[in-house]
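> With the sequence up front, the predicted model follows.
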Amino acid sequence: MSGYNQMWSELGLDLEAHDALLSVLGDSYHNIFMTQKNRPEGMKYFDFVMSEVHGLRIKELMDAKTQGKKVIGLYCVFVPEELIIAVDGISVGLCAGAEFNFEGAEQILPRNLCALIKSAFGFKLGRVCPYIEACDLVVGENTCDGKKKAYEVLSPYVKDLYVVDLPQTKSNAGKMLLKEEYLKFIAKLEEISGKKITYENLRKGIDIVNAKRKAVLRLAELRKSNPIPISGLDSLLINQVFFYDDPVRFTNSVNALCDELVERIKRGEGVFPEGTVRVIVSGCPMAVPNWKVPYIVETSGAAIVGEESCVGERGTRWLTETKGSTVEDLVENITDRYFKIDCAIFTPNHSRLEHIKEMFERYNAKGLIHYNLQFCQPYIIESGHFETDLKNSNIPTLRLETDYSQEDIGQLKTRVEAFIERIKG
Ligand code: SF4
Ligand code: SF4
């Protein structure tokens, strides 16, 4: 019996299904992460976070709620955490990365939706996600068609669903729409929290989130080194924990890890054998516990040195500016910052391709793996013409299309191994 059973039960979780899920996740975490050689000591913090991801962290959220704080669940990096912190709220990521209760999800959604959406529904309908149950507000966004329409279906299942509209083009009108939407979102946050956004509390929110982004960007910078001081799997895990942990504690832990990596680099100590091939992974976001492709890549003779992903550099690469002296100025800065995110829902989306090429150079990579979730139209379509352009730029590219099942692991591994052999040559 877990010491958290009463809390989970009060949240309405299906304890039997939840226990089964935690057991599978615990085994998979152990096999994937704890078997890596020479991991930095600083990863112990993240191992602990993961071991308590449904326990201590949820207890912290519930304690915060009793003090009047609001828990806000998000599915997308377009929803500004700065605004949530400004009203003394706590943001938590709700995207899910495991094939759980797809049968349940497919009773109310079509089968041919991406695994990210089906997983989020599977977790909710199967009553195994304490995060969504702890939320005072769930925030959706009009990004891809799948998500946009799925929120209509999700609405009756959650206490309070709020959907942010998003532009689809990088135009002036698009930016104005985004700013309008952020102003409406502020009104909603003020209503549910009973707190007014001021220059001071918004500035505090910006500083906290900027510090968090700076820490993960510092980590990213250290991965340029040779030998590579940390695995792609551990780096992905940190980028995943980014969405769950207390932001200040997370920032301090990433910075402490980076200090350790600096020392490793000075000593010439890495986690992969000399000459391991460096690759970038680009494409759809990988939510916890989606570690399938990185695990395959890093057990097939390559090291992942960067992620062009919303759980990675696409989500964190810009800081929010702090210029100006009013709330209006800061909202403008937030809009500027978020409007740069080059999600494939935008058309056209040239800056994403430029970013991939720039990352390839910056991390001294030898190949690019474009990771597509099956049925994700925006990223799959984009990956086709990106591949042609990348080939013309002499960037070897492997396009993978997969889901959350384990069935294609053998086939994926064969393709990844062949790609690594090719780029080694
Ligand atoms: S890929 Fe697009 S829709 Fe998904 S989290 Fe990123 S910005 Fe949001
Ligand atoms: S992976 Fe693709 S289809 Fe799925 S939610 Fe993200 S953008 Fe939409």
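Perfect, thanks for sending it. Ligands and ions are numbered 1, 2, ... in the order given.

> Ligand 2 contacts on the stretch 101-250 of the chain?
Applying Cβ under 6 Å from any ligand atom, we find that the stretch 101-250 of the chain lies next to ligand 2 at 114, 116-117, 144, 146-147. Yep, even glycine has a C-beta here, placed from its N, CA and C like the rest.

> Just send the residues you listed back as CSV, with neighbour count and pLDDT too.
As requested, these are arranged in CSV below (neighbours: other Cβ atoms under 10 Å; pLDDT from 0 to 100):
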residue, neighbour count, pLDDT
114, 23, 97
116, 25, 97
117, 26, 98
144, 21, 98
146, 21, 97
147, 21, 97
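
> tell me, which of these make contact with ligand 1?
Restricting these to those near ligand 1 - Cβ under 6 Å from any ligand atom - leaves residue 144.

> What about the residues of the stretch 101-250 of the chain next to ligand 2, which are in helices?
Judged by DSSP state H, these include 116-117, 146-147 as members of helices.

> Quick one: the strands in the stretch 101-250 of the chain, in order.
When assigned using DSSP state E, counting those that start in this stretch, the strands of the stretch 101-250 of the chain occupy the ranges 137-141, 161-164.

> What of the stretch 251-400 of the chain?
277-283, 302-308, 367-373, 397-402.

> quick one, which of these is nearest to residue 157?
Counting by Cβ to Cβ, residue 157 lies closest to strand 367-373 out of the strands of the stretch 251-400 of the chain; the figure is 22.4 Å.

> That closest one close to ligand 1?
No. In this structure, strand 367-373 remains apart from ligand 1 according to Cβ under 6 Å from any ligand atom; the gap is never smaller than 9.9 Å.

> before we move on, back to that, ranking the strands of the stretch 101-250 of the chain by burial, who's on top?
Each of those was given a mean neighbour count from mean count of other Cβ atoms under 10 Å, and the largest, a mean of 23, is that of strand 137-141.

> Just the residues contacting that one, thanks.
Judged by Cβ atoms under 8 Å, 6 or more residues apart in numbering, the contacts made with strand 137-141 from elsewhere in the structure are 70-76, 78-79, 94, 132, 147-148, 151, 154, 158-166, 185, 188-189, 192.

> Please name the strands paired to it in the sheet, noting orientation.
For strand 137-141, sheet partners with direction are given as strand 71-74 (parallel), strand 161-164 (parallel), following DSSP bridges.

> How far off centre is the first one?
Just to be clear, that refers to strand 71-74. Between the centre of strand 71-74 and the centre of its host chain there is 14 Å, according to Cα atoms, centre = their mean, to the nearest Å.

> does any part of it sit near ligand 1?
No. Judged by Cβ under 6 Å from any ligand atom, strand 71-74 makes no contact with ligand 1; its nearest approach is 8.9 Å.

> Next: the last one.
No. For a cut-off given as Cβ under 6 Å from any ligand atom, strand 161-164 has no contacts with ligand 1; the smallest distance is 10.6 Å.

> Just the C-alphas of that strand, formatted as PDB.
In PDB, the C-alpha atoms belonging to strand 161-164 read as follows (Å, rounded to 0.1, in the frame of the first residue of the first chain):
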ATOM      1  CA  LEU A 161     -11.700  24.100 -19.500                       C
ATOM      2  CA  TYR A 162     -10.400  27.300 -21.000                       C
ATOM      3  CA  VAL A 163      -9.200  27.400 -24.700                       C
ATOM      4  CA  VAL A 164      -6.700  30.000 -26.000                       C
END
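
> Quick one: mean pLDDT over it.
Average pLDDT, strand 161-164: 98.

> For it, report the contacting residues that lie outside it.
Outside of strand 161-164, the residues that reach it under the criterion Cβ under 8 Å, 6+ apart are 78-79, 137-142, 151, 154-155, 181-182, 184-185, 188.

> Please identify which of the strands of the stretch 101-250 of the chain is closest to residue 279.
When the strands of the stretch 101-250 of the chain are ranked by proximity to residue 279, the top entry is strand 137-141, at 30.1 Å, counting by Cβ to Cβ.

> starting at the chain centroid, how far to that closest one?
16 Å.

> Stretch 49-69 too?
Computed by Cα atoms, centre = their mean, the chain-centroid distance of stretch 49-69 equals 19 Å.
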